[in-house]
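Asker: I need the structure of the sequence given here:
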Amino acid sequence: MMLRKIDHNKMGRSNLGWLRSLFHFSFAEYYNPENINFGVLRVINDDLIAPHTGFDTHPHRDMEIISYVVEGDLTHGDSMGNKQTVTRGHVQYMSAGTGVLHSEHNHGDEMLRILQIWIFPDKKGYTPNYGDFRFNWEDRHNKWLHMVSGKDGDATVKINQDVNFFSLELDKDKEINFPVANGRQAYLVQIEGTSDINEISLDARDGLEIIEEDIQIKAKETSHILVIEMAKE
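Answerer: Numbering: from 1, shown residues only. Predicted structure coming up:
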C-alpha cells in the first residue's frame, strides 16, 4: 500500500511559446531516469496550446494515445482519413499500432488545454485505429464516469491494454471513494480545483501515485479529477 504525491511545481516543463507543457513523466527535453513510467502509463502531458496553432503531422507507432480535453476545442487529423473536433470532457483515442501519421490543432480563438496520455499496448503490431467519444459532462458530476477500458471492459472507449480511465467533477465539501484492489495501481490527476485525498492535499495539476490502497477524496473546492487504474507493475 502506498500513496505518493507528485507536486506539479516539480514536474518537467516546456515553453515553446505556442505550447506550454507540464510533463508528469520523462518526455522531450525533460529526462528523469527515475520517472520514465508508472506501470503501463508512459506519458501524461498537461498541454496548453495557443489559438490557431498545434502539432503538425507527425508519426507514432505501438502506443495507445488518449487525449482528454479540459478546455477549448481539439481538432484531430490522421493518415487514416479521420478529421474530428472534440471539446471539454470529451475523449479522443488512437491506437498507433504499426504506424500512423496524425496532427492535433487548436483552430479556435480560446486557449486549448488537454491531457495527452500514452499507454503501452499489450503487444506490438496492431492495425492502427482512431475513435472519439463526446461524453455528457453531467455523467461525471459527483460520480465516477468510466470512460476508457481494455477490450474486455465495459467502458465506451476500448483500448489494447488492461487499463481504466475514470473522470469526476466533485462539488466543494463532497466526498467520494475510489478502491484500488490488491495487484492494482492507479495514477490520479487533480486537473482543476483542490482536494484532500487520505489527508494528502492536492492542488490543481498535481498528481498522485496509488498502489493497492483505497482512497477517500474530499473536495476543498470543486474538483475535476482523472484516475487511470491498471495492473500493478
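Asker: How far off centre is stretch 225-233?
Answerer: 10 Å (C-alpha atoms, centre = their mean, to the nearest Å).
Asker: which parts of that stretch are buried?
Answerer: 225-230 (16 or more other C-beta atoms under 10 Å). To be clear about C-beta, it is placed using only N, CA and C from the backbone, and glycine gets the same treatment.
Asker: and that stretch, what's its mean pLDDT?
Answerer: Stretch 225-233 carries an average pLDDT of 97.
Asker: now swap in stretch 70-79 and tell me
Answerer: pLDDT averaged over stretch 70-79 gives 95.
Asker: Give me the buried positions along it.
Answerer: Quick answer for stretch 70-79 (16+ other C-beta under 10 Å): 70, 72-78.
Asker: So what touches that stretch?
Answerer: 49, 54, 57, 67, 82-88, 90, 92, 94, 100-108, 110-115, 130, 132, 191-192, 224 (C-beta atoms under 8 Å, 6 or more residues apart in numbering).
Asker: Next, residue 140: phi, psi?
Answerer: phi -120, psi 10 (degrees, to the nearest 10).
Asker: ok, which stretches of this structure are helices?
Answerer: Counting by DSSP state H, no segments of the chain form helices.
Asker: PyMOL command to pick out the buried ones of the contacts of stretch 70-79?
Answerer: Buried residues among those (16+ other C-beta under 10 Å), as a PyMOL selection:
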select buried, resi 49+54+67+82+85+86+90+92+94+100+102+104+105+106+108+112+113+114+115+130+132+191+192+224
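Asker: Just the ones in strands from the contacts of stretch 70-79, please.
Answerer: Residues of the contacts of stretch 70-79 located in strands (DSSP state E): 49, 54, 57, 67, 83-86, 92, 94, 100-106, 112-115, 130, 132, 191-192, 224.
Asker: Reformat the buried residues of stretch 225-233 into TSV and put distance to residue 164 next to each item.
Answerer: Listed next are these as TSV, based on distance: C-beta to C-beta, whole Å:
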residue	distance to residue 164
225	14
226	11
227	8
228	7
229	4
230	7
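Asker: Tell me the one of those nearest residue 126?
Answerer: Nearest to residue 126 among these, counting by C-beta to C-beta, is residue 230 at 18.1 Å.
Asker: The closest one pairs with what?
Answerer: Using DSSP bridges, the beta-bridge partners of residue 230 come out as residue 163, residue 185.
Asker: What distance do you get for it to residue 173?
Answerer: Residue 230 sits at a distance of 30 Å from residue 173 (criterion: C-beta to C-beta, to the nearest Å).
Asker: With residue 43 instead?
Answerer: 33 Å.
Asker: out of the two, which sits in the busier spot?
Answerer: residue 43 (21 against 10; other C-beta atoms under 10 Å).
Asker: Setting the sequence-adjacent residues aside, check what's closest to residue 124.
Answerer: Distances taken as C-beta to C-beta, 6 or more residues apart in numbering place residue 62 nearest to residue 124, at 4.6 Å, with adjacent residues excluded.
Asker: Would you confirm that the one you found contacts residue 125?
Answerer: Yes - proximity of residue 62 to residue 125 meets the contact threshold set by C-beta atoms under 8 Å, at 7.3 Å.
Asker: between these two, what contacts are shared?
Answerer: With C-beta under 8 Å, 6+ apart as the test, residue 62 and residue 125 both reach 97-98.
Asker: out of these two, which sits in the busier spot?
Answerer: residue 62 (16 against 9).
Asker: That one: what's it in contact with?
Answerer: Listed by C-beta under 8 Å, 6+ apart, the contact set of residue 62 reads 96-98, 121, 124-126.
Asker: burial measure for the closest residue to residue 213 other than its chain neighbours, as a count.
Answerer: Excluding its sequence neighbours, the residue lying closest to residue 213 (C-beta to C-beta, 6+ apart) is residue 1, at 4.2 Å. As a burial measure, residue 1 scores 9 neighbours (other C-beta under 10 Å).
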